[in-house]
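**Student:** from the sequence below, what's the structure:
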Amino acid sequence: MAGSDGEWQHVVRWRGRAARAVPRCAREPRDLGDAGKSLADSTRARERLKEAMAELTCEDLWRSWKEVLTSRLLAGPRVPDTDEQEARCVCECVCYGLGSFLSSVSSRYQLAMLLLLLEALKIPPGRCSIFDPVFSAAECDVLRSLGLTVLTENEEGKRPVSRPTLFYLLHCGTALYNNLLWSNWSPQGLALLTIVGNSFQGLQERMVQKDLQRDYSFIAHVRSVCQETPLPCSPRFLDVFNDTAVVRFPFQRLATLPPHTWARAPEPRYLHCSDLEIILRDKERGDGRPVLHRSPTLPFSGTVV
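**Tutor:** Coordinates of the predicted model:
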């Protein structure tokens with residue numbers, strides 16, 4: 001039609017192709033609902049985890065970790081009267097205290113490292129149990145989508161094992177390690193454990209010895225005979241993987257301890273610990289959210305978010 005100035009103008013009707021030409025990025029996905037938003041968040045979380053895994057594989061840090069873990073865990077039988085094939089491999093994995101990986105960059109990289117280790121050690125995701133009381137429902141959904149087994153109960157680290165098991169316990173409270181040792185308190189039981197977590201040597205150096213023996217007696221008993229291999233940490237990931245080591249308990253070394261060491265001991269209670277640094281079942285609020293969290297670490301200083 002002709003405009004007021006005499007020139008022809010093209011009229012675009014409201015209904016038609018023009019309505020479909022609105023850029024997709026300009027639309028608000030309000031019609032997706034909670035389920036759609038959750039799916040989008042879950043997809044984005046998995047993408048960020050893949051990105052973190054890809055970054056780690058380009059680091060010398062990962063190559064060193066992989067070499068140390070695979071060489072240590074394929075070192076040969078450790079427990080008498082144990083099937084050789086089973087003894088030569090880690091059959092299961094347990095991860096406690098990972099933290100909120102949707103909001104914490106450090107936790108995200110720690111989860112990425114766990115996924116890389118599972119792949120390198122040929123541990124099926126379904127044989128990796130994971131728990132942290134701070135996990136949100138969305139985080140549990142992401143973990144399940146990765147094939148991991150999300151535990152529903154706070155075990156406080158008190159998990160006895162009957163097969164070679166890797167425990168991934170980065171920056172967890174000392175009581176968690178002590179509880180784990182108590183739950184497997186025998187030369188045969190401890191020999192099945194491989195811990196990737198806080199350095200026991202570093203713990204011993206930081207604590208007053210009488211406090212270590214009183215509050216964390218199981219760690220104190222085996223500190224002198226455990227086998228510890230420090231894991232390297234690059235400056236970029238210092239706040240994510242600092243003070244981390246592979247801790248194992250060779251049966252031959254455990255057998256050198258006095259027999260009375262293995263007397264049945266009562267469950268640890270930590271009556272003298274004012275700052276336990278782990279979440280206890282009876283310390284969780286009525287809404288299921290935790291009151292305490294894991295051992296504090298420095299803020300992440302990396303450049304990738």
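**Student:** for the most centrally placed residue in the chain, identify the helix or strand it belongs to.
**Tutor:** The residue lying closest to the centre of the chain (Cα atoms, centre = their mean) is Leu98, at 3.9 Å. Using DSSP states H and E, Leu98 maps to neither a helix nor a strand.
**Student:** please apply the same query to Ile195.
**Tutor:** Assigned by DSSP H and E, Ile195 belongs to strand 193-198.
**Student:** so in that sheet, which strands flank that strand, and in what orientation?
**Tutor:** Sheet pairing for strand 193-198, assigned by DSSP bridges, gives strand 165-169 (parallel), strand 244-248 (antiparallel).
**Student:** in CSV: those strands, plus mean pLDDT and distance to Leu61.
**Tutor:** C-beta: built from backbone N, CA, C; applies to glycine. Shown next, in CSV, are these (pLDDT from 0 to 100; distance: least, Cβ to Cβ, whole Å):
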stretch, mean pLDDT, distance to Leu61
strand 165-169, 97, 16
strand 244-248, 96, 10
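**Student:** give me whichever of those is most buried.
**Tutor:** Compared across these, strand 165-169 shows the largest average neighbour count, a mean of 23 (mean count of other Cβ atoms under 10 Å).
**Student:** and the next element down the chain from that one?
**Tutor:** Counting by DSSP H and E, the next helix or strand C-terminal to strand 165-169 is helix 174-183.
**Student:** that next one: what's the following helix or strand?
**Tutor:** Trace forward from helix 174-183 with DSSP H and E and the next one is helix 187-190.
**Student:** restrict that following helix to CA atoms and write it as PDB.
**Tutor:** As requested, the backbone C-alpha atoms of helix 187-190 are provided in PDB (Å, rounded to 0.1, in the frame of the first residue of the first chain):
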ATOM      1  CA  PRO A 187      44.500 -56.600  59.500                       C
ATOM      2  CA  GLN A 188      42.300 -58.400  56.900                       C
ATOM      3  CA  GLY A 189      39.700 -55.600  56.900                       C
ATOM      4  CA  LEU A 190      42.100 -52.600  56.700                       C
END
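**Student:** other SSEs contacting that helix?
**Tutor:** Judged by 3 or more Cβ pairs under 8 Å, 6 or more residues apart in numbering; DSSP states H and E, helix 187-190 is in contact with helix 251-254.
**Student:** report all helices and strands that the helix it packs on contacts.
**Tutor:** Using 3+ Cβ pairs under 8 Å, 6+ apart, helix 251-254 is in contact with helix 187-190.
**Student:** what's the helix it packs on in contact with?
**Tutor:** Contacts to helix 187-190, defined as Cβ atoms under 8 Å, 6 or more residues apart in numbering, come from residues 79-80, 160-161, 181, 183-184, 222, 249, 251, 254-255, 262.
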